[in-house]
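The sequence isn't on hand, but the structure is:
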Ligand SMILES: C/C=C/C(=O)SCCNC(=O)CCNC(=O)[C@H](O)C(C)(C)COP(=O)(O)OP(=O)(O)OC[C@H]1O[C@@H](n2cnc3c(N)ncnc32)[C@H](O)[C@@H]1OP(=O)(O)O
Ligand SMILES: NC(=O)C1=CN([C@@H]2O[C@H](COP(=O)(O)OP(=O)(O)OC[C@H]3O[C@@H](n4cnc5c(N)ncnc54)[C@H](OP(=O)(O)O)[C@@H]3O)[C@@H](O)[C@H]2O)C=CC1
């Protein structure tokens with residue numbers, strides 16, 4: 001690994017075969033054979049965290065830990081390509097909250113995941129390195145495929161979902177998320193998407209939606225697939241028409257897709273956000289019931305240890321006002337400790353709380369009487385299997401669900417991008433240009449794009 005100074009993008013390209021890759025991607029005449037014949041570079045630029053820095057934030061609060069200090073841009077060697085794998089030239093990626101967790105080394109250092117994966121086989125040893133290339137989304141072009149890959153070839157324009165599975169055990173064969181060797185690529189594996197080149201398993205690949213630019217196509221992947229499983233899939237809450245769906249962080253990464261799924265599926269989203277601007281975005285997506293938790297001042301905790309059921313009730317009354325007296329069928333949970341007690345309380349008899357995260361703390365407290373006496377269910381949900389990710393991507397490709405990209409950073413500024421997400425300064429999704437020299441490239445279906453342009457741009461620059 002060679003830490004970089006700040007050479008310009010042009011300087012890098014002049015002395016690097018990466019430039020040839022970019023030229024091939026940008027040329028309309030390039031064929032699969034051209035891509036297969038391109039020499040692979042020996043090294044590439046990648047966003048990393050360093051193993052010898054995992055204690056750098058010791059003693060600081062979560063809020064004080066600054067991703068700009070731990071996130072680096074390094075020149076790293078291209079990893080060896082194994083069976084069933086693909087090397088992808090990454091045009092764009094996006095910031096997910098898992099990269100925030102990696103960069104602040106919470107709740108655990110991700111180097112522990114890489115060490116454990118490295119112990120599995122000779123091939124997985126590649127992942128156990130003193131640096132972790134992070135990032136769990138990409139849009140780009142296949143450069144090489146390993147032995148046994150038949151469905152994808154060099155030159156294919158793709159996005160990648162972030163489920164990495166070995167599938168050697170029977171456990172994962174009904175639902176690949178249940179594989180004992182299930183990992184999130186770029187979080188629990190190395191060689192992630194915030195880089196010029198990424199290593200993925202070929203069963204992570206999906207077609208890039210033609211009407212989107214590289215950075216737009218890279219934005220939905222992780223959160224869109226997660227929201228799809230958590231809310232729509234039978235493995236999650238199996239949302240149906242007419243359901244009242246309480247969506248926390250409804251203009252954030254997960255929430256901006258959950259809101260779209262609720263609206264597209266004929267449900268009734270009750271969107272919770274923390275500012276008038278965010279409330280306005282939800283309304284512009286088509287949501288009618290919006291709660292500004294800041295303006296309405298909910299305080300579900302009296303102190304660190306004690307919740308305030310009166311505040312749950314005030315919140316529930318507000319929901320009833322917005323729904324004409326109805327309670328919540330499905331809660332789309334992810335803030336965790338701060339909101340979970342309220343989420344369980346406001347759910348209707350027989351309703352579902354589906355949770356995929358605990359941003360504000362993972363030791364939840366709730367009043368179990370409201371769960372068992374009212375026959376409610378809590379469902380744990382995590383990312384999505386290949387089929388669910390494919391279905392979620394298909395909805396993007398068909399223009400039924402749209403990217404919620406707000407701002408785009410360069411690879412050099414990924415630390416700032418992660419800082420924005422950590423501090424909740426962003427809206428929707430934050431994109432990162434990797435090889436792509438500018439925004440707006442990669443659109444192959446202008447006609448379809450024109451049809452959906454307002455929705456595609458809804459979150460831009462707000
Ligand atoms: C797509 C995007 C997603 C997101 O953004 S999600 C948000 C980010 N992700 C996170 O915050 C999660 C981070 N991960 C973690 O915090 C930890 O990763 C877990 C808490 C999930 C798991 O903890 P761990 O210690 O890594 O694994 P163990 O499964 O608890 O195994 C530790 C040892 O405990 C043993 N064990 C596990 N279950 C049991 C049991 N039921 N009874 C007895 N022992 C058990 C194991 O075998 C193993 O043992 P041995 O150390 O010897 O190998
Ligand atoms: N298990 C899985 O597969 C996945 C898990 N995750 C996890 O889900 C969490 C959210 O991810 P993502 O949506 O991308 O992140 P974002 O930061 O983009 O959005 C989360 C939103 O939640 C709201 N929020 C944050 N803290 C609180 C709080 N204390 N109380 C109420 N609302 C709060 C904020 O909205 P506002 O301020 O407007 O209310 C914020 O915009 C992260 O912890 C992430 O790691 C994400 C994807 C997949």
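Now that the structure is in, tell me what you want to look at. Keep in mind that this is a model prediction, so the values were computed, not measured. Ligands and ions are numbered 1, 2, ... in the order given.

make it CA atoms for all contacts and neighbour counts henceforth
Will do.

Show me which residues of this protein sit near ligand 2.
The chain comes close to ligand 2 at residues 96-98, 223, 226, 248-249, 252-255, 272-274, 334-335, 338-339, 356-360, 382-383, 421, 424, 428, as judged by C-alpha under 6 Å from any ligand atom.

and these, which of them are in helices?
When those are checked against helices (DSSP state H), the matches are 97, 98, 223, 226, 253, 254, 255, 338, 339, 421.

As a check, name the ranges of all helices in the stretch 101-250 of the chain.
Taking DSSP state H, counting those that start in this stretch as the test, the helices found in the stretch 101-250 of the chain are 111-118, 214-218, 221-227.

Same question for the stretch 251-400 of the chain.
Under DSSP H, counting those that start in this stretch, the stretch 251-400 of the chain gives helices at 253-264, 276-285, 309-323, 337-346, 369-372, 386-397.

which one of these lies closest to ligand 1?
The minimum distance between ligand 1 and the helices of the stretch 251-400 of the chain falls on helix 253-264, with 10.2 Å, by C-alpha to the nearest ligand atom.

what mean pLDDT does stretch 206-213 have?
Averaged across stretch 206-213, the pLDDT comes to 98.

Pick out the residue in this structure sitting closest to ligand 1.
residue 98 (4.0 Å).

ok, now how distant is that residue from residue 433?
18 Å (C-alpha to C-alpha, to the nearest Å).

The two - which one has more neighbours?
It is residue 433, of residue 98 and residue 433, that has more neighbours when counted by other C-alpha atoms under 10 Å, with 28 against 18.

Excluding covalently adjacent residues, which one is nearest to the more buried one?
residue 92 (4.5 Å; C-alpha to C-alpha, 6 or more residues apart in numbering).

Wait, a strand at that neighbour?
Yes. Assigned with DSSP: H, G, I helix; E, B strand; the rest coil, residue 92 falls within a strand.

list the contacts for the residue lying closest to the residue of the chain closest to ligand 1 once chain neighbours are set aside?
Once flanking residues are discounted, residue 98 sits nearest to residue 187: 6.7 Å by C-alpha to C-alpha, 6+ apart. Applying C-alpha atoms under 8 Å, 6 or more residues apart in numbering to residue 187 gives the contacts 98, 99, 102, 110, 134, 135, 136.

thinking again about what came up before, the helices of the stretch 251-400 of the chain into TSV, with extra columns for mean neighbour count?
Putting these into TSV (neighbours: other C-alpha atoms under 10 Å) gives the following:
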stretch	mean neighbour count
helix 253-264	25
helix 276-285	18
helix 309-323	17
helix 337-346	24
helix 369-372	15
helix 386-397	21
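
Compile the ones you listed into a markdown table and extend it with columns for mean pLDDT.
Shown next, in a markdown table, are the helices of the stretch 251-400 of the chain (pLDDT from 0 to 100):
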| stretch | mean pLDDT |
| --- | --- |
| helix 253-264 | 98 |
| helix 276-285 | 98 |
| helix 309-323 | 98 |
| helix 337-346 | 98 |
| helix 369-372 | 98 |
| helix 386-397 | 98 |
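
how much space between residue 314 and residue 342?
Following C-alpha to C-alpha, the distance that separates residue 314 from residue 342 is 10 Å.

hang on, I meant residue 85
Note on residue 85: its distance to residue 342, by C-alpha to C-alpha, is 44 Å.

Repeat that for residue 462.
With distances taken as C-alpha to C-alpha, residue 462 is found 30 Å from residue 342.

swap in residue 439?
Distance, residue 439 to residue 342, using C-alpha to C-alpha: 41 Å.

next one: residue 173
Residue 173 is 36 Å from residue 342, by C-alpha to C-alpha.

Likewise for residue 123?
Going from residue 123 to residue 342 by C-alpha to C-alpha gives 46 Å.

show me the contacts for residue 109.
Applying C-alpha under 8 Å, 6+ apart to residue 109 gives the contacts 54, 102.
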